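# sequence unavailable; structure follows:
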């Protein structure tokens, strides 16, 4: 059984599962596990790892339209180096501070591969699910797409040693702002929302399945990050990366078109309208062509 | 730096860390990571693994005197077998149900070693810390000590194949009841509390350090589990296992002696008085001899 099938099984078994985060009693809870080999390319600092791991869980809280309350991490490594551990804690603490919440620690654990399990907790009385998109709604995305794809490319270019500048740039691109404030601003208006951690294309397929709808996306409206242009050769390749690589942790939301100006005024990041919600039989298209369900399958 | 030194470093860095669970804004949060090689002996079913992993985090919530609100787990394995995954979820759900809370799911993740990271969340307005023990208080422990030590011995005896009965007994011993209800009943009276996950001896040393006190323990008052007698040869070996093996997830609490009868009436498990809190210069003794800080160091 692959990961997606297994997740589907879990979601059938557990009432609270199946969205970006579980909701219980006004609390939003989400957990993720990341590993050195699959999630932290060579050159990723422990500061970036702490930022990114905790940020990924905060992004799931944001996707529910919730405010963040706290985050914890279990840190497993072959050995506990003082500087590495402090760097990790500082990265984890800084991403929490960025969104006005607190990193409150966690567990340490000996393990042969550097592995981090993070949990974030939030609160909301009205969680935004994946299941409410209505035909005619606008499809929006916060920020830009492709930063992580570009970051990975820089890490790869720097992998043969030296290139401190490329590694620094890659680490910068790997540190993202979890969209807690944007999620709070979108929540009162959004009919459906999730984060783009598996890539825009996969996110749209997941929203479509949960909401029983289709989407018409226009590629020239996608907010492709400038860094993507620097690491790709031409528009097609840039579009491909921005659509399918994922790990950008932006929000993908649907909402009535009339609400867009109000949302833009109350939000601290750009909100791009990238298309329209259709009836399910309209399918999921980009520029009129079917948009395949391709994306990052987390290792 | 070893795990204990690293935990000390974290506790210096983070205000909310350093007890069984972090407390933020009336919420109690705790996370743990467990691995097949170090935490789940051969023969441990996925049901038991789910029960035990989630139970370990619930035990930390209990140790704060908090009520449990929810638990999540990130489940990492080389492959996702439908039956194993469902067994795990059932074990995780059943331990939550046992203490009146809800298992709300989590994350799945490909990884070469079966690894589980669990997080439990609870609520309390008055957390019981490790730091309040007062000279003259009674030292209490809930339930019995040594179940996990006996369970491990049964797993080892069954490791060469066959022995379905031993493996079943071992799995039973590895499923414990997190002491949420007992923690709630102890909380109004307890001056200090923690769980015995690293063994009674180490727990006493940790309480003594946090509370700046000593302890006089009497070995004949220790509630040694009957299963320990079955796997050890004589009283000394039984006492050693019950004192140092740990992983029993019982509560160790200090409280005024006068409160013991009231606590016993309101609690669903035995409460043994095993000794008395001393001034710090009294040291930590068992039957008048120094009790060494030995115990299970989690891998």
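Perfect, thanks for sending it. Just so you know, these numbers come straight off a predicted model, no measurement behind them.
# surely residue A:51 meets residue A:87?
No - contact criterion C-beta atoms under 8 Å: residue A:51 and residue A:87 do not qualify, at 9.9 Å. Where C-beta positions appear, they are placed from N, C-alpha and C, glycine not excepted.
# please identify which of those two sits among more neighbours.
The residue with more neighbours, out of residue A:51 and residue A:87, is residue A:51; 28 against 18, by other C-beta atoms under 10 Å in any protein chain shown.
# rewinding a little: mutual contacts of residue A:51 and residue A:87, please.
With C-beta atoms under 8 Å, 6 or more residues apart in numbering or on different chains applied, the contact sets of residue A:51 and residue A:87 do not overlap.
# could you find the closest non-adjacent residue to residue A:246?
residue A:199 (3.2 Å; C-beta to C-beta, 6 or more residues apart in numbering or on different chains).
# and the strand or helix carrying residue A:165, average pLDDT?
Under the criterion of DSSP states H and E, residue A:165 resides in helix A:164-174. For helix A:164-174, the mean per-residue pLDDT is 95.
# so which elements touch the next helix-or-strand element following that helix?
Remark: after helix A:164-174, the chain's next helix or strand is helix A:180-186, criterion DSSP H and E. Here helix A:180-186 touches helix A:46-63, strand A:67-77, strand A:138-142, strand A:251-255, going by 3 or more C-beta pairs under 8 Å, 6 or more residues apart in numbering or on different chains; DSSP states H and E.
# I'd like the distance from the helix or strand following helix A:180-186 to the chain centre, please.
Using DSSP H and E, the next helix or strand after helix A:180-186 towards the C-terminus is strand A:192-195. Distance, stretch centre to chain centre, for strand A:192-195: 10 Å (C-alpha atoms, centre = their mean, to the nearest Å).
# for the residue nearest to residue A:246, give me phi and psi.
Dihedral pair for residue A:199: phi 100, psi 150, per degrees, to the nearest 10.
# on that earlier part again, turn the helices and strands packed on helix A:180-186 into CSV, including distance to chain B and mean pLDDT.
Shown next, in CSV, are the helices and strands packed on helix A:180-186 (distance: least, C-beta to the nearest C-beta, whole Å; pLDDT from 0 to 100):
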stretch, distance to chain B, mean pLDDT
helix A:46-63, 9, 97
strand A:67-77, 4, 96
strand A:138-142, 23, 98
strand A:251-255, 19, 98
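# before we move on, back to that, tell me the contacts of the residue nearest to residue A:246?
A:243, A:244, A:245, A:246, A:247, A:294, A:295, A:296.
# tell me the buried residues in stretch A:98-113?
For stretch A:98-113, the neighbour count (16 or more other C-beta atoms under 10 Å in any protein chain shown) marks A:98-99, A:101-111 as buried.
# just stretch A:211-230 next, same as before
Neighbour counts over stretch A:211-230 (16+ other C-beta under 10 Å) mark A:211, A:213-217, A:219, A:222-225, A:227-228 as buried.
# let me know the closest of these to residue A:277.
Using C-beta to C-beta, residue A:213 is the member of those that lies nearest residue A:277, at 5.2 Å.
# thought the closest one was touching residue A:279?
Yes - using C-beta under 8 Å, residue A:213 is in contact with residue A:279, at 6.7 Å.
# need the residues touching each of those two.
Taking C-beta under 8 Å, 6+ apart as the contact rule, residue A:213 and residue A:279 both touch residue A:135.
# kindly provide the distance from residue A:177 to residue A:100.
Distance of residue A:177 to residue A:100, computed by C-beta to C-beta, to the nearest Å: 12 Å.
# again with residue A:149
Taking C-beta to C-beta, one finds residue A:149 at 28 Å from residue A:100.
# pLDDT wise, what is residue A:299 at?
pLDDT, residue A:299: 38.
# same question but for residue A:239, I mixed them up
95.
# what is the burial count for it?
When neighbours are defined as other C-beta under 10 Å, residue A:239 has 20 of them.
# how close does it get to chain B?
Remark: distance between residue A:239 and chain B (C-beta to the nearest C-beta, to the nearest Å) = 28 Å.
# tell me if that residue really is in a helix.
Yes - counting by DSSP: H, G, I helix; E, B strand; the rest coil, residue A:239 falls inside a helix.
# I'd say it and residue A:220 touch.
No - counting by C-beta under 8 Å, residue A:220 is not a contact partner of residue A:239; they are 9.3 Å apart.
# wait, residue A:277 touches residue A:214, no?
Yes - counting by C-beta under 8 Å, residue A:277 does reach residue A:214; the two are 7.4 Å apart.
# show me where chain A has its helices.
For chain A, the helices defined by DSSP state H cover A:3-13, A:36-39, A:46-63, A:82-98, A:147-157, A:164-174, A:180-186, A:200-211, A:226-231, A:235-244, A:260-265.
# nearest to residue B:119, out of those?
Nearest of the helices of chain A (C-beta to C-beta): helix A:46-63, 9.9 Å.
# and the closest one, how far out from the chain's middle?
Taking C-alpha atoms, centre = their mean, one finds helix A:46-63 lying 9 Å from the centre of the chain it belongs to.
# the residue nearest the centre of chain A - nearest residue in space that isn't next to it in sequence?
Centroid check for chain A by C-alpha atoms, centre = their mean gives residue A:249 as the closest residue, at 2.2 Å. With C-beta to C-beta, 6+ apart as the criterion, residue A:249 has its nearest non-adjacent residue at 4.0 Å, and that residue is residue A:59.
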